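Peer 1: Got a predicted structure here, sequence first:
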Amino acid sequence: MLSESVFSVLTEDLLIRVLDQINSGTDRKSLRLVCKDFLRVESTTRRNIQILRIEFLLSLLKKYSNIETLDLSLCPRIDDGSVSILLSNELGSWTRGLKKLVLSRATGLGYTGLDQLVRAYPILEEIDVSHCWGYGDREAAALSNAPRLRKLNLDKCLGVTDIGLAKIAVGCGRLESLSLKWCLEISDLGIDLLCKKCLELKFLDVSYLKITSESLRSIASLLKLEIFAMVGCSLVDDAGLRFLEKGCPLLKAIDVSRCDYVSSSGLISIINGHGGLEQIDAGYCFSELSAPLVECLKNLKQLSILRINGVRVSDFILLTIGTNCKSLVELGLSKCIGVTNIGIMHLVSGCCSLKILDLTCCRFITDAAMSTIAHSCPDLICLKLESCNLVTENCLRHLGSNCLLIQELDLTDCFGINDIALKNLSRCSGLVRLKLGLCINISDIGLAHIACNCSKITELDLYRCVCVGDDGLAALASGCKKLMKLNLSYCNRITDRGMEHISHLGELSDLELRALSNVTSIGIKAVAISCNRLADLDLKHCKKIDDSGFWALAFYSQNLRQINLSYCNVSDAVLCMFMCNLKRLQDAKLVHLSRVTVKGLELALRTYCGRIKKVKLQSSLRFSLSPELLDTLHARGCKIRWD
């Protein structure tokens, strides 16, 4: 009663400002439950809503009448029938204000439902149907009925052809952003018509399309294009890039990564015609970074992001980049051949504003280079050092002393990292993401240092850290309460006692426990009961977890969306119950279940075939399972992967 009387004297404007300061969904929910004033204010001010269970959609839409974004991507049972029921109900005026509709991976929704949704929302400006791999020209025609559409994502809509793209181009002339990644049936013809009709385009992604340089001739006519991605366009060459040299006057970012026939010459032509470029991605598209190309970079006074992953460089090239690109805030050198200490020292001495640096697999980097990085780039927030095996605890001593703003650090497969290194690193109290996979020399002692000082960590990867055990998890559970993603795969010292500690991590959503041979159903039950937000769980090769553990998961882990049960000790009856009870499950890996019969697997899949989107099965079952069942799964939008 006291809280109600205090909040009741605040104006609605002040209540809204209080709500805006609360980032945690759990805290906002608590306020709604105990204070009617906050419940009322949020009902009228909430703009975004993400639906997990279709049965609650109608009541939520009635409750939140002013939403602008509706996200159904995590709602596995959305289909044409449920949309018809939804739209047949009187919902007042909520449909008139909807501007953004997210249907990514909504593979159960077909042309009829999509058409109804698009027509029901008269001012839609943004639609995402990415990874609806069964979508084709009929669905594209439905999308064309949204004349105010400004942003459209069609990634991996594998059935869309030039005809469907033409309908969108004609019907949605206001488009400013369009992603066509992996729409493999689209050709030069469709791109040409798009560029003639959608003159407002500012963002265009044609990655992995089978287009030729002729498409770039058409794209060059887009006077407002700012960001252009053409990753993996293997039929485009330097001649195509030369079309862009005198076109697209507002171009700020270009991505030509993995374009096999693009060379330094083609990229130079782009640079010569666009002095305002701010971002260049050119990874894995030519073998060596040429001196003329690097020399051209000095003309790009606003260049802030450069990713040249996988190319050969030299000390001279890195020195030239450091000299010519002093405005860089991000540099990607992942898997670049020729990266040395001297080259990196020259580079960072010039690029002192770097915030993101990727040195993945630059195996000759040592503590000497890391010392220079730490002293030259104090504003670093992300550093990737995977497989840089020569760095040691001294590297992290320099980082811990000079790069206190760092938030993300990848030390995967750096076996020179030990407990002393983690003690040095713990000075970086702002760490959010830390990857220590395959760092076999760290133990519970090092984790305790991290847990004591790095309370903001949300993601931690300890894959194959074989010296980590239950005591380390106890420290994490005590000091890192915000952990959301945790990988403990192959950490075989962990037992049920460690699982009990993990159960105190209330924010945990992603948990990998692959091949933990000492974890039983007792431990997994503790996690299931307490970690209510768990959405992604990997139990592959956890052979001591039996039916009682899976019963607990089925009963308590109602938010599970992905699970890997491969090589697990589950029976027919429990698998069927498990699949039936988890209403939000979308992706299941069910390979080599020795206690599950073909009949039991069929029954489990039939029970869940209306909701699941992906399932991985043993390849030997391809001809044992009923063809009718496989056809039904496919028809309902489920993608089957055979192992």
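Peer 2: Alright, I've got the coordinates. Residues are numbered from 1 along each chain as shown.

Peer 1: isn't C377 right next to L357, touching?
Peer 2: Yes: between C377 and L357 a contact is recorded at 7.1 Å, counting by Cβ atoms under 8 Å. Using the backbone N, CA and C atoms, a C-beta is placed for each residue, glycine as well.

Peer 1: which residues are common contacts for the two?
Peer 2: Taking Cβ atoms under 8 Å, 6 or more residues apart in numbering as the criterion, C377 and L357 both touch V348.

Peer 1: Show me where the stretch 101-250 of the chain has its strands.
Peer 2: 126-128, 151-153, 177-179, 203-205, 227-229 (DSSP state E, counting those that start in this stretch).

Peer 1: could those go into JSON lines alongside mean pLDDT and distance to L436?
Peer 2: Formatted as JSON lines, the strands of the stretch 101-250 of the chain follow (pLDDT from 0 to 100; distance: least, Cβ to Cβ, whole Å):
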{"stretch": "strand 126-128", "mean pLDDT": "98", "distance to L436": "34"}
{"stretch": "strand 151-153", "mean pLDDT": "98", "distance to L436": "34"}
{"stretch": "strand 177-179", "mean pLDDT": "98", "distance to L436": "34"}
{"stretch": "strand 203-205", "mean pLDDT": "98", "distance to L436": "34"}
{"stretch": "strand 227-229", "mean pLDDT": "98", "distance to L436": "32"}
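
Peer 1: Tell me which of the ones you listed approaches L318 most closely.
Peer 2: strand 227-229 (25.8 Å; Cβ to Cβ).

Peer 1: What is the closest one packed up against?
Peer 2: Counting contacts by 3 or more Cβ pairs under 8 Å, 6 or more residues apart in numbering; DSSP states H and E, strand 227-229 is packed against strand 203-205, strand 253-255.

Peer 1: now what about the helix or strand that the last one is followed by, what contacts it?
Peer 2: Which is strand 253-255. Downstream of strand 253-255, the first helix or strand assigned by DSSP states H and E is helix 264-273. Residues outside helix 264-273 that contact it (Cβ under 8 Å, 6+ apart): 237-242, 244-247, 251, 254, 256, 277, 280, 282, 286, 289-290, 292-293, 296-297, 299-300.

Peer 1: One more: stretch 631-642?
Peer 2: 79, 106-109, 132-134, 605-606, 609-610, 612-619, 622, 630.

Peer 1: The same query, at a cut-off of 10 Å, please.
Peer 2: Residues outside stretch 631-642 that contact it (Cβ atoms under 10 Å, 6 or more residues apart in numbering): 76, 78-79, 105-110, 131-135, 586-589, 591, 605-606, 608-622, 625-626, 630.

Peer 1: Same check on stretch 598-607?
Peer 2: In contact with stretch 598-607 (Cβ under 10 Å, 6+ apart) are residues 570-581, 588, 590, 593, 596-597, 612, 615, 617-618, 621, 624-626, 628-630, 632-633, 638, 640.

Peer 1: Run the chain-centre distance for that stretch.
Peer 2: 31 Å (Cα atoms, centre = their mean, to the nearest Å).

Peer 1: buried sites along that stretch?
Peer 2: 600-607 (16 or more other Cβ atoms under 10 Å).

Peer 1: doesn't K525 fall inside a strand?
Peer 2: No: K525 sits outside any strand when classified using DSSP: H, G, I helix; E, B strand; the rest coil, being helix.

Peer 1: Give me the nearest residue to it, chain neighbours excluded.
Peer 2: A552 (3.9 Å; Cβ to Cβ, 6 or more residues apart in numbering).

Peer 1: Next, count neighbours for the one you found.
Peer 2: 19 (other Cβ atoms under 10 Å).

Peer 1: cool, and I524?
Peer 2: Neighbours of I524 under the rule other Cβ under 10 Å: 29.

Peer 1: pretty sure it is touching A554, no?
Peer 2: No: between I524 and A554 there is no contact under Cβ atoms under 10 Å: 11.5 Å.

Peer 1: before we move on, the earlier item: which ones among the contacts of helix 264-273 lie within helices?
Peer 2: Of these, the ones assigned to helices by DSSP state H are 238-242, 244-245, 292-293, 296.

Peer 1: that older thread, any of the contacts of stretch 598-607 buried? List them.
Peer 2: 570-572, 574-579, 581, 588, 590, 593, 596, 612, 615, 617-618, 621, 625, 630, 633, 638.

Peer 1: Low-confidence regions, this protein specifically.
Peer 2: 1-44, 89-96, 609-610 (pLDDT under 70).

Peer 1: Would you check how far apart I442 and A477 are?
Peer 2: 18 Å (Cβ to Cβ, to the nearest Å).

Peer 1: So those two - more neighbours on which side?
Peer 2: A count of neighbours by other Cβ under 10 Å puts I442 above the other of I442 and A477, at 26 against 19.

Peer 1: Now do the same contact list for that one.
Peer 2: Neighbours of I442 in contact, by Cβ under 10 Å, 6+ apart: 411, 414-415, 417-422, 436, 449-450, 462, 465-468, 472.

Peer 1: Check F286 too.
Peer 2: 256, 259-267, 293, 308, 310-312.

Peer 1: of those, closest to E68?
Peer 2: V256 (35.4 Å).
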